[in-house]
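Peer 1: kindly generate the corresponding structure for this input.
(2 chains)
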Amino acid sequence: MTPAITADKLTKKFGDFTAVNQITFEVKKGEIFGFLGANGAGKTTAMRMLNGLSRPTAGQAEVAGFNVYRQAEKIKRHIGYMSQKFSLYEDLTVRENIRFYGGIYGLPGREIRRQEKELTASLGMEGYSNTLVKAIPLGWKQKLSFSIAIMHRPEIVFLDEPTGGVDPITRRQFWEMIYKAASEGMTVFVTTHYMDEAEYCGRVSIMVDGHIAALDTPRALKEQFGAESMNDVFLQLTRPNQ
Amino acid sequence: MRTILFIVRKEFLQIFRHKVMLPLIFLMPIIQLVILAHAADFEVKNINLYIVDNDMSQASQQLIGKFRACRNFNIVGHSFSSRVAYDEIQRGNADLFLEIPPHFQRDLLRKNKGSLQLSINAINGVQAGLANAYANAIIQDFNSQIRMEWASLAARPALPGLSVTFSNWFNPEMNYKTFMVPGILVLLVTLIGMFLSGMNIVKEKEIGTIEQINVTPIRKYQFIIGKLLPFWIIALVELSIGLFVGWLIFDIPVVGSLWLVFGFAAIYLLVVLGLGLLVSTITETQQQAMFISWFFLIIFILMSGLFTPIESMPPWAQSITRFNPVAYFVEVMRMVLLKGSNLMDIRHHVIVMLTAALAVNVLAVMNYRKTN
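Peer 2: Okay, the predicted model is just below:
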């Protein structure tokens, strides 16, 4: 089976600063792949190269079987993306946002209306279709963003710190949504800096200063570093002198 | 096509959702039109004239009477000293003074000539020039009148002379509003078009939604057209309202074809909106976009021939106006509305605008990058 994502010595430089330094990894189809790292370690930059928002400086990568240099627009047909910056229109209602994104992904009108019903029902937001997005709580916004990002049934979904700033219960529900998507065959590429979330991932990579310092299943990583939790693994990697 | 409609619908939803935007887009320009049309009047009225009459003769009184009868001049005072008159100009109470020397009438009768002095405050050059012209016209008039009177007195044959008469075509009453309103309309439509479109994409950059758009398979031209179309429609509606108000309040004549005006406006707006989009592709914040838009708009407006005739600019400035879309539209508006020009008369303008529209929008689409 061909992998969903392959990256080979993928590098991004901004002037003299190397944000992402020769990262190499593979993500299997249907996997939940955690991309961990401190703030500024290069997670977002790496993700932006994979989803076609940013051109790599060097190295190779393929996403859904397409080359990131030559076929960036083809990649965009096969992926979903939920950015760190909140990505819905605050001055549009829940329904208008769903219709807009469904529309620009080219979903037929019937399909958009069906999903709109299904989606608001599964999020428990039936009464809020005509509420402006800016008026709903952050947790709902994040779950709505995710649902909209996978409306067009992409092969791979990229989530950039999707649970930043939300309460533990919502985070839990959010991860249930991720599991559900993965169980339907979707590959999930997720960045986070919550170490407890790392435990939910199939495999995790830990980025330190632009390169991948460790990559394996959470269990193997804990064994390798003789650590109790992913938090310990992370601290050992990022602050080796303490 | 369907994708474009989804964007257009979203833009309209967002524009009409904001309670501030509607009056901003539709009401403010109309208020501006009404105010500006009254203010941008170049006829100089109420020129304050100070009289220094050192002759106190029948002739000097006759001359002063002519100034008094002219509605452009206000006589604000009399004195026998040019010093006092000069001080009045210094204090800003008078714009000019007329000095009639002693023996004015005697010299006129005996030597057949006389001299007068006009001293004009020329800080405002345009006003000074006009005041000078008006005063000279009055003096000329006085001159020929006394010639007639005294010539017949002396039973001499009237001197032959050339007289020039004027007739003002296309704006027979020399009504400044007729001349200004079509031009001001151009400005208002331009402002709305350039700012709304210029701010639009930058705003999406600022709030981050542009990322979400860029990660979709949407085509660049779809995105740009979807963004242009709403403002193109709004600006055309705005133009219709403006023309209607101009016709209603200022009695602006519509000699030529309205279809031609709107046809040209449609092309012109593509240029303006394209410029706005171009600005928004090269800037990161609304502040930057606003600043750059203003920079160009100020140049466009001041060099548009609306306030000062392009013909009186130095040659280098005239060649700059060839690249000024506003100048073309101002000219076309005046030509079609006031003179009744047809498509053949404005074909040069149409060709230039079409080329510019193509160039600007191709550049905007090229400059908009989904992948950085």
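
Peer 1: look at residue 123 and report its pLDDT.
Peer 2: With no chain named, the answer covers chain A. Looking at A:L123, its pLDDT reads 88.

Peer 1: chain B was what I was after
Peer 2: Reported pLDDT for B:I123: 84.

Peer 1: please apply the same query to B:L297.
Peer 2: With respect to pLDDT, B:L297 has a value of 91.

Peer 1: OK, contacts around the residue nearest to it when sequence neighbours are not counted?
Peer 2: In space, and not counting its chain neighbours, B:L297 is closest to B:M194: 6.4 Å by CB to CB, 6 or more residues apart in numbering or on different chains. From N, CA and C alone the C-beta is placed, and that goes for glycine too. B:M194 makes contacts with B:V272, B:L273, B:L275, B:G276, B:V279, B:S293, B:F296, B:L297, as judged by CB atoms under 8 Å, 6 or more residues apart in numbering or on different chains.

Peer 1: what would these look like in TSV with secondary structure?
Peer 2: Output for those, formatted as TSV (DSSP: H, G, I helix; E, B strand; the rest coil):
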residue	secondary structure
B:V272	helix
B:L273	helix
B:L275	helix
B:G276	helix
B:V279	helix
B:S293	helix
B:F296	helix
B:L297	helix
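
Peer 1: tabulate those residues (CSV), appending distance to A:G139 and neighbour count.
Peer 2: Output for these, formatted as CSV (distance: CB to CB, whole Å; neighbours: other CB atoms under 10 Å in any protein chain shown):
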residue, distance to A:G139, neighbour count
B:V272, 43, 31
B:L273, 39, 28
B:L275, 42, 26
B:G276, 37, 29
B:V279, 38, 26
B:S293, 39, 21
B:F296, 45, 16
B:L297, 44, 19
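
Peer 1: and which of these is nearest A:E111?
Peer 2: Proximity of the contacts of B:M194 to A:E111 (CB to CB) peaks at B:L273, which lies at 32.9 Å.

Peer 1: so how far is B:N342 from the closest one?
Peer 2: With the distance defined as CB to CB, to the nearest Å, B:L273 ends up 26 Å from B:N342.

Peer 1: give me every residue that touches the nearest residue to B:L275 once chain neighbours are set aside.
Peer 2: Distances taken as CB to CB, 6+ apart place B:V360 nearest to B:L275, at 5.7 Å, with adjacent residues excluded. For B:V360, the contacting residues are B:L270, B:V271, B:G274, B:L275, B:L278, by CB under 8 Å, 6+ apart.

Peer 1: for these, which one is nearest B:R334?
Peer 2: Closest to B:R334, out of all of those and judged by CB to CB, is B:V271, at 18.5 Å.

Peer 1: my guess is the closest one meets B:N324, correct?
Peer 2: No: at 10.5 Å, B:V271 and B:N324 do not qualify as touching, with contact defined as CB atoms under 8 Å.

Peer 1: looking at these two, which has the bigger crowd around it?
Peer 2: With neighbours defined as other CB atoms under 10 Å in any protein chain shown, B:V271 and B:N324 compare such that B:V271 has more, 26 against 19.

Peer 1: so the more buried one is in which element?
Peer 2: helix B:258-282 (DSSP states H and E).

Peer 1: low-confidence stretches in the chain?
Peer 2: Since no chain was named, I'll use chain A. Chain A contains residues with pLDDT under 70 at A:1, A:240-242.

Peer 1: ah, I was thinking of chain B
Peer 2: Residues of chain B meeting the criterion pLDDT under 70: B:40-43, B:151-168, B:170-174.

Peer 1: chain A contacts on that one?
Peer 2: Within chain B, the positions near chain A by CB under 8 Å from any CB of the partner chain are B:2-3, B:5-7, B:9-10, B:13-14, B:17-18, B:207-209, B:211-218, B:370-372.

Peer 1: narrow those to just the buried residues.
Peer 2: Among the residues of chain B next to chain A, those classed as buried by 16 or more other CB atoms under 10 Å in any protein chain shown are B:3, B:6-7, B:9-10, B:13-14, B:207, B:209, B:211-218, B:370-371.

Peer 1: what about the strands in the chain?
Peer 2: You didn't pick a chain, so chain A it is. For chain A, strands defined by DSSP state E occupy the ranges A:5-14, A:17-27, A:32-37, A:58-63, A:66-67, A:79-82, A:156-160, A:187-192, A:203-208, A:211-216.

Peer 1: my bad, chain B
Peer 2: In chain B, the strands defined using DSSP E lie at B:47-53, B:73-79, B:96-100, B:117-120.

Peer 1: packing partners for the first one?
Peer 2: The reference is to strand B:47-53. Applying 3 or more CB pairs under 8 Å, 6 or more residues apart in numbering or on different chains; DSSP states H and E, one finds that strand B:47-53 makes contact with helix B:58-69, strand B:73-79, helix B:82-91, strand B:96-100, helix B:125-153.

Peer 1: buried stuff in the longest one?
Peer 2: If I follow you right, that is helix B:125-153. Those would be B:Q127, B:A128, B:L130, B:A131, B:Y134, B:A135, B:I138, B:I139, B:F142, B:I146, B:R147, for helix B:125-153 by 16+ other CB under 10 Å.

Peer 1: packing partners for it?
Peer 2: Helix B:125-153 makes packing contacts with strand B:47-53, helix B:58-69, strand B:96-100, strand B:117-120 when contacts are defined by 3+ CB pairs under 8 Å, 6+ apart.

Peer 1: so can I have a markdown table of those showing distance to A:M177 and mean neighbour count?
Peer 2: Below are these laid out as a markdown table (distance: least, CB to CB, whole Å; neighbours: other CB atoms under 10 Å in any protein chain shown):
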| stretch | distance to A:M177 | mean neighbour count |
| --- | --- | --- |
| strand B:47-53 | 79 | 22 |
| helix B:58-69 | 88 | 16 |
| strand B:96-100 | 83 | 23 |
| strand B:117-120 | 81 | 15 |
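
Peer 1: in a markdown table, list these along with distance to B:A37.
Peer 2: A markdown table is the format used below for the helices and strands packed on helix B:125-153 (distance: least, CB to CB, whole Å):
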| stretch | distance to B:A37 |
| --- | --- |
| strand B:47-53 | 22 |
| helix B:58-69 | 29 |
| strand B:96-100 | 28 |
| strand B:117-120 | 28 |
